[in-house]
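Undergrad: Please work out how this folds:
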Amino acid sequence: MPPRRVVSRWPWAAFLLGLALLVFTGTVEARLSGGGVAAVSAENLKAAYLLNFMRFTDWPPAPKSDSYLIGVVGDRGLEDALLALADVQTVHERRLRVVRVRSARDATECQLVFFGRATAAGADSALGVPEVLRLLEGRPVLTVGEDPGFLGLGGMVSFYREDERLKFEIAPDAVGAGGLVMSSRLLALARIVRAPATLQP
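TA: Predicted coordinates:
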């Protein structure tokens with residue numbers, strides 16, 4: 001039986017304002033040859049979402065570090081967009097580093113790992129999403145994907161499209177199992193997905 005879905009609603013104004021500030025800051029701003037601002041690419045928009053996810057998430061206390069590590073699996077375009085944002089943005093007063101995840105073990109070093117759609121479909125990468133997610137289970141690593149079955153594999157956040165708009169859904173049980181705490185404001189903006197309750201004998 002697929003996970004039960006509960007829809008939460010909340011004004012998007014504050015969250016979208018944060019996205020706008022990210023997308024149109026510094027090197028991320030896309031300009032036409034005539035000087036006008038071009039339409040924001042899907043990669044830039046997703047990258048801005050990822051930074052906002054991090055800003056509305058708290059990680060458990062960890063050894064002192066001056067940076068957060070963002071890992072990308074199978075999406076070169078998003079990797080480039082994140083690298084541009086990392087040059088001009090911080091999260092929780094920490095610098096951002098972006099790395100390409102080449103092995104499941106690489107993912108354990110990250111605070112956030114994004115899985116591109118081609119990877120989730122089993123193409124263009126030797127990494128298997130279920131195997132990586134199993135390795136990350138219980139670890140404080142925010143996992144984000146865009147395959148329709150990503151949350152069912154144990155992922156925490158998944159992008160989806162509705163009425164031509166990019167939206168996201170969150171599995172709070174998976175988030176909590178990793179020791180992460182998400183702001184209620186972020187949860188209120190998401191479509192909440194919970195695993196079906198286990199029947200007692």
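Undergrad: and the gap between Leu135 and Arg165?
TA: According to CB to CB, to the nearest Å, Leu135 and Arg165 sit 33 Å apart. Where you see a C-beta, it was placed from the backbone N, CA and C, and this is true even at glycine.
Undergrad: more crowded one of these two?
TA: Taking neighbours as other CB atoms under 10 Å, Leu135 and Arg165 compare with Leu135 leading, 15 against 8.
Undergrad: mind listing what the residue nearest to Ser103 when sequence neighbours are not counted touches?
TA: Leaving aside its sequence neighbours, Ser103 sits nearest to Leu127 (CB to CB, 6 or more residues apart in numbering; 7.3 Å). Applying CB atoms under 8 Å, 6 or more residues apart in numbering, we find Leu127 in contact with Val73, Gly74, Val101, Arg102, Ser103, Ala104, Thr119.
Undergrad: Show me the strands in this structure, by range?
TA: Using DSSP state E, the strands of the chain run over residues 4-7, 57-58, 67-73, 95-100, 112-115, 142-145, 157-162, 165-170, 181-182, 191-194.
Undergrad: picking that back up, who wins for most neighbours among the contacts of Leu127?
TA: Neighbour counts for the contacts of Leu127 peak at Val73, which has 26 neighbours (criterion: other CB under 10 Å).
Undergrad: Kindly provide the distance from Ala103 to Val73.
TA: For the record, residue 103 is Ser, not Ala. 10 Å.
Undergrad: Would you mind measuring from the residue most central in space within the chain to Tyr68?
TA: Centroid-nearest residue in the chain, with CA atoms, centre = their mean: Val144, separated by 3.8 Å. From Val144 across to Tyr68, the span is 14 Å (CB to CB).
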